[in-house]
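Q: one predicted model, sequence on top.
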Amino acid sequence: MRANKADRTMTRSLQAAPRDAWWRNGVVYQIYPRSFQDSDGDGIGDLPGIRRRLDYLADLGVDALWVSPFYPSPMADFGYDVADYYCDVDPRFGSLADFDALVAAVHARGMKLIVDFVPNHTSTQHPWFLESRSSRDDPKQDWYLWRDPAPDGGPPNNWLSNFGSPAWTFDAASGQYYCHLFLAAQPDLNWRHPEVRVALLEALRFWLRRGVDGFRLDVIYHVVKDVHFRDNPANPGFVEGMDPVHRLLPVYTADQPEVAQVLAEMRRVVDEFSDAASARVLVAETYLPIERLGAYYGADAAGNLLGAHLPFNFHLIGTPWNAASIDALVRAYEAALPAGAAPNWVLGNHDRSRVASRTGARSARLAAMLLLTLRGTPTMYYGDELGLEDVAIEPQDVQDPFEKNQPGLGLGRDPVRTPMPWSNAPHAGFTTGRPWLRLNDDWPGRNVLAQAADDRSILQLYRRLIALRRRHPALHRGEWLPLGVEGSTLAYAREHAGERLVVVLNFGSDNAEVLERQAPAGARILLSTLLDRRGELARGSHLRPFEGWILGLQ
């Protein structure tokens, strides 16, 4: 008997996610393309610039690159406002030929390429939106979320955009409001419209045919809104000074049940291009509670995972930086994962303060060891391997619309998007022109070339951590076994096929004794975050302040 289409799709989905698929444990490196490497002197990074730096990334040891948006855009939100059919490259970043050359060069070095995809909204300059607002009778009018004014002439409901203002903008020509959960220049698409789904899914196929290995799905948890457009309830925990978007609880604008169907449709498209030898991946941006992350893996009644391969877990970014809090977080997350799901961890990205600024510069090394020794897929943010910190941007130099719309609240993202410092050459080797944002003040000493020459730099720590992770199956595919918290120290084991490694991390500012239950007799330091200790431990050994060890057990 021939299998029906649904059965064949299910079989492909299961075959496309083998236990050792690269995305289950490979190290992902996020590149913000405006800030990585400029190749033409205009001060803005581009795709040829990324290609020029691939050997650096291969030497670092990462498995995949995630490149933030490069689509044609008026840059109201720096590429997250797409102005074409999602099937081209903005001239600022290069061309489709440059993209194809990048894909080939990435694959030639044994790495994978993940591209950003923006399904929630387009630019107001997108042809679809121009048609949509041209007439209430236009076939594309329902491709976006248009509503009549409230009885008083104001917005249809109380929804807020993520930039702190109302999520509705009045269009005088049509006499209606359109919805935008981000900037007014970013109108939200109507994912309940079948033609919208067809168009966006075909855009995914366009890039898959060009060889991409997966997609990071921007704000996927927002793509479907309440069908009745009900008001969001007030947030009882809001206090003045918080991000204004938190005045309301996003009950009707985020995490709607229908998002699961959208993810399942995207997953089927990705699986069309997947097989056991070349698995494609969906990474979902999901700022959600731990108990909701599991739902985005899309488990069906039989336990098959048919949603996102990796719903992003951002909880390390906001968890208090101490041993007890992190231990509790990891335990809760591990317990919440569906059977067979691949965990993942993130310490920073283009929207959040850099880890060295959040935890303190001395803890940045500890953070690196934590990220690269937990179970699952770690995602790094460019420059974290140099210990880059947030860079203060003067008011006259602000680029980010978040800061322009809500000045003084510390919401601006420019400080974490500054150019990558490559050397002590002019403009740190990033550009021959004027950088679009200022560099870190300490770039003459904190750059790739300087740290590559320093055997104990944080860059060398990242290289050695990634190499150790790749060399030891216990680290890249083993189970995570908690060993508990003792004062300021957190300990856990990674175990696979008889190999057992122990990670001990001191989050305190004082020396911390390593207990026998954490490091049994015969334990050897394989790697210290300070890169100056190795060998068998003497009884009564102490971790120094903010130091971590990876221990091998005989």
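A: Looks like it came in fine.
Q: can you show me the helices along the stretch 301-450 of the chain?
A: Secondary structure of the stretch 301-450 of the chain, counting by DSSP state H, counting those that start in this stretch: helices at 315-318, 323-336, 355-359, 364-371, 401-405, 448-452.
Q: any idea which of those gets closest to R51?
A: R51 lies closest, by CB to CB, to one member of these: helix 448-452, at 16.3 Å. Every residue, glycine included, has its C-beta placed from N, CA and C.
Q: C-terminal to the closest one, what's the next element?
A: Next along the chain after helix 448-452, taking DSSP states H and E as the criterion, comes helix 458-471.
Q: what residues of that following helix count as buried?
A: Within helix 458-471, the residues scored as buried using 16 or more other CB atoms under 10 Å are I458, L459, Q460, L461, Y462, R463, R464, L465, I466, L468, R469.
Q: just the C-alpha atoms of that helix, please, in CSV.
A: Only the C-alpha atoms of helix 458-471 are listed here, as CSV (Å, rounded to 0.1, in the frame of the first residue of the first chain):
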residue,chain,number,x,y,z
ILE,A,458,39.4,35.3,26.5
LEU,A,459,39.6,34.6,22.7
GLN,A,460,42.0,31.8,23.4
LEU,A,461,39.6,30.5,26.1
TYR,A,462,36.8,30.4,23.6
ARG,A,463,38.9,28.6,21.1
ARG,A,464,40.0,26.0,23.7
LEU,A,465,36.5,25.6,25.1
ILE,A,466,35.1,24.9,21.6
ALA,A,467,37.9,22.5,20.8
LEU,A,468,37.5,20.6,24.1
ARG,A,469,33.7,20.5,23.5
ARG,A,470,34.2,19.0,20.0
ARG,A,471,36.9,16.5,21.3
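Q: can you give the distance of the next helix-or-strand element following that helix from its chain's centre?
A: The C-terminal neighbour of helix 458-471 among helices and strands, as given by DSSP H and E, is helix 473-476. With CA atoms, centre = their mean, to the nearest Å as the basis, helix 473-476 stands 22 Å off its chain's centre.
Q: helix 473-476 packs against which elements?
A: helix 458-471, strand 489-496, strand 499-506 (3 or more CB pairs under 8 Å, 6 or more residues apart in numbering; DSSP states H and E).
Q: re earlier: with mean neighbour count and distance to S95 added, can I get the helices of the stretch 301-450 of the chain in TSV?
A: Converted to TSV, these look like this (neighbours: other CB atoms under 10 Å; distance: least, CB to CB, whole Å):
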stretch	mean neighbour count	distance to S95
helix 315-318	17	35
helix 323-336	17	41
helix 355-359	22	34
helix 364-371	24	35
helix 401-405	18	27
helix 448-452	18	27
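Q: V223 is nearest to which of those?
A: Nearest of the helices of the stretch 301-450 of the chain to V223, taken as CB to CB: helix 401-405 at 20.8 Å.
Q: hmm, who's touching that closest one?
A: Residues outside helix 401-405 that contact it (CB atoms under 8 Å, 6 or more residues apart in numbering): A76, D77, F163, G164, S165, L183, I393, V398, L411, G412, R413, D414.
Q: give me the buried entries from those residues.
A: A76, D77, F163, G164, S165, L183, I393, L411, G412, R413, D414.
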